Each structure stands twice: as C-alpha cells, then as structure tokens.
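Novice: Compute the structure for the input listed below.
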Amino acid sequence: MADIQLHSWGSKIEEAFEACLVSMFGYMTDLAKVEEQYEFYWKASGDSMDGLLFQFLDEALNSFHAEPCFVAKRVEILRFDKEKFEIEFRGWGESFDTSKHETEADIKSPTYSNMQIIEKLDRCDVYVIVDI
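Specialist: The predicted structure is shown next:
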C-alpha cells in the first residue's frame, strides 16, 4: 500500500480543483500522449467542501476505471456552488488505450487523510492524498 499527495493551486478555488484533477490523471499516465478527442461531463456533490473535493476526484476516477476508461488532459469547471457543495465539470481527453498510453500509478481512490483546501484572497491551494 502506498499513497501520493497531490498539491495543486490556482488564483481561485475552481482553478485549484481543475489542476488537482489533471494532476491525478497525470499520475496515472503521461498526459503528453493523451489527445483531446472528446468531452466528458460529470456532476458531483458533497456535504462539505472536503466532501465535494473527494466526490469531484472520485467521479472522474470512476470514469477511468469503468467504460469508457476516460482520461482527461484538460478540465473545466462549469458550475461551482460553494453553498450547496455541488459541482459540474467537463474534461477533454480520450479513452485509455494500453497500446498508446503507459500505465503509471494505479490510483484506487482519493482519501480524506490530511485533505486541505486553503483559500486566500489571491490564491487557493489544494492538498489531497490518493491511495495507490
């Protein structure tokens, strides 16, 4: 058993979440070999901001582990409701293909362990440990 800590940031929370998801996919495969062939849409909700971040990552991870085995090279948040803890987002990428994409880390799940969302006026940092 092992863990990887993802650390992402942006000028606002949406950018930090987007970067966190892209970094998660980047640990799973070399994103330089991923083409933006189609879009994939997700929705997630939680009971807190940490819960929302967990579900945000978990929804995307589920679409990687099941059909269509989607891996996103780029992510955009379409709706982010901080009061209801709801998020809608899309990614651009393609289906994972072992003849084209190398398997790096096999991420099983995000965790709540040491999860942090640190919002300041001009920057947001996100820390998430994922189980591999």
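Novice: show me the contacts for Asn114.
Specialist: With Cβ atoms under 8 Å, 6 or more residues apart in numbering as the criterion, the residues that contact Asn114 are 5, 127, 129. For the C-beta atoms, the positions are set from N, CA and C on the backbone; glycine is no exception.
Novice: Next step: those restricted to strands.
Specialist: In strands, judged by DSSP state E, the following of those are found: 5, 127, 129.
Novice: gap between the residue nearest the centre of the chain and Gln55?
Specialist: Geometric centre of the chain, nearest residue: Leu21, 2.1 Å, by Cα atoms, centre = their mean. From Leu21 across to Gln55, the span is 12 Å (Cβ to Cβ, to the nearest Å).
Novice: quick revisit: so which strand or helix has the residue nearest to the centre of the chain?
Specialist: Secondary structure from DSSP states H and E places Leu21 in helix 13-28.
Novice: May I have that helix as PDB, with CA atoms only?
Specialist: Taking C-alpha atoms only, helix 13-28 is exported to PDB below (Å, rounded to 0.1, in the frame of the first residue of the first chain):
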ATOM      1  CA  ILE A  13     -10.700  27.600  -5.900                       C
ATOM      2  CA  GLU A  14     -12.000  26.500  -9.300                       C
ATOM      3  CA  GLU A  15      -8.500  26.600 -10.800                       C
ATOM      4  CA  ALA A  16      -7.100  24.600  -7.900                       C
ATOM      5  CA  PHE A  17      -9.700  21.900  -8.300                       C
ATOM      6  CA  GLU A  18      -9.200  21.700 -12.000                       C
ATOM      7  CA  ALA A  19      -5.400  21.400 -11.600                       C
ATOM      8  CA  CYS A  20      -5.800  18.800  -8.900                       C
ATOM      9  CA  LEU A  21      -7.900  16.600 -11.200                       C
ATOM     10  CA  VAL A  22      -5.400  17.000 -14.100                       C
ATOM     11  CA  SER A  23      -2.500  16.100 -11.800                       C
ATOM     12  CA  MET A  24      -4.400  13.000 -10.700                       C
ATOM     13  CA  PHE A  25      -4.700  11.900 -14.300                       C
ATOM     14  CA  GLY A  26      -1.100  12.800 -14.800                       C
ATOM     15  CA  TYR A  27       0.000  10.400 -12.200                       C
ATOM     16  CA  MET A  28      -2.000   7.600 -13.900                       C
END
